[in-house]
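*Asks:* What shape does this take:
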Amino acid sequence: MDEHVAERELLSDQIRNALTDEIAAGTLSAGTALDEQDLADRFGASRTPVREALRQLAFNGLVELRPRRGVVVTRMTPERVMDMFEATAEFEAMCVRLATYRMTPLERSALIDLHDRSGTPVEAGDFDAYDSLNRSFHEALYGATHNGFLLEQALALRTRLSGFRRTQLRHGDRIRRSRAEHGEILAAIAEGDGEAAARRMRAHMLNAASALGHYIDAHSGA
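*Replies:* Below you'll find the model as predicted:
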């Protein structure tokens, strides 16, 4: 039973990731209705993992439920997405600045471990594995602020952008540069320089936004 549940969850994640890439690239344009059975046939799955994938996309704001139309792709302009990245960049800069001064040696060690482990998926070009470690890296920084309210808000913002943050890794050598930027942020933390860490985190997020913009441009005419 547990094995079946795990397989279904893995499949729903794969469906969600595929649809997220298509929404980000504009292949699935705003207003497009998504039919559960059509998607189940396309991915060779039952309707259960498809329904779960759509639920996650709705939670992330990428699709919405409309009366008599079912699930519809949300109207999300590139400008709106970039605005969200800009706001998130400032928020994450604040988090890393506080975390630099407040994190424990154990928390710093955990961050370094996550960074070290991320080298393998980068070399393998495994976007999903890197995305998972990338998410853990940023969330560890939120926790290291030791501010419960800040943690809650940072997680909420991250959830809204999670799909796009994953998709931007697919542009060019972004996955490799993303990891290198993490290393620069860690170096500032090691020096106890919260301001430098904040500047590097802000640049890291804006670089991600730029990569997403290039990804959308490259695929919008496809």
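
*Asks:* so what secondary structure elements neighbour the longest helix belonging to the chain?
*Replies:* Identified as the longest helix of the chain according to DSSP state H is helix 194-220. Under the contact criterion of 3 or more Cβ pairs under 8 Å, 6 or more residues apart in numbering; DSSP states H and E, helix 194-220 touches helix 2-25, helix 78-102, helix 148-167, helix 174-190. C-betas here are computed from N, CA, C, even on glycine.

*Asks:* quick one, that helix and helix 174-190 angle?
*Replies:* Put simply, helix 194-220 runs at 170 degrees to helix 174-190, going by axes from the mean of the first three to the mean of the last three Cα atoms, to 10 degrees.

*Asks:* related to what we said a few turns ago, now the helices and strands packed on helix 194-220 as CSV including mean neighbour count, distance to Val71 and mean pLDDT?
*Replies:* Converted to CSV, the helices and strands packed on helix 194-220 look like this (neighbours: other Cβ atoms under 10 Å; distance: least, Cβ to Cβ, whole Å; pLDDT from 0 to 100):
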stretch, mean neighbour count, distance to Val71, mean pLDDT
helix 2-25, 16, 10, 78
helix 78-102, 18, 20, 92
helix 148-167, 17, 15, 86
helix 174-190, 18, 29, 97
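
*Asks:* thought Ala53 was touching Ser12?
*Replies:* Yes. If you go by Cβ atoms under 8 Å, Ala53 and Ser12 touch, sitting 4.5 Å apart.

*Asks:* what's the overlap in contacts for the two?
*Replies:* Shared contacts of Ala53 and Ser12 (Cβ atoms under 8 Å, 6 or more residues apart in numbering): none.

*Asks:* quick one: average pLDDT of the host helix or strand of Thr120?
*Replies:* Under the criterion of DSSP states H and E, Thr120 resides in helix 119-124. Averaged across helix 119-124, pLDDT comes to 96.

*Asks:* Could you pull out the buried residues of it?
*Replies:* For helix 119-124, the neighbour count (16 or more other Cβ atoms under 10 Å) marks 121-122 as buried.
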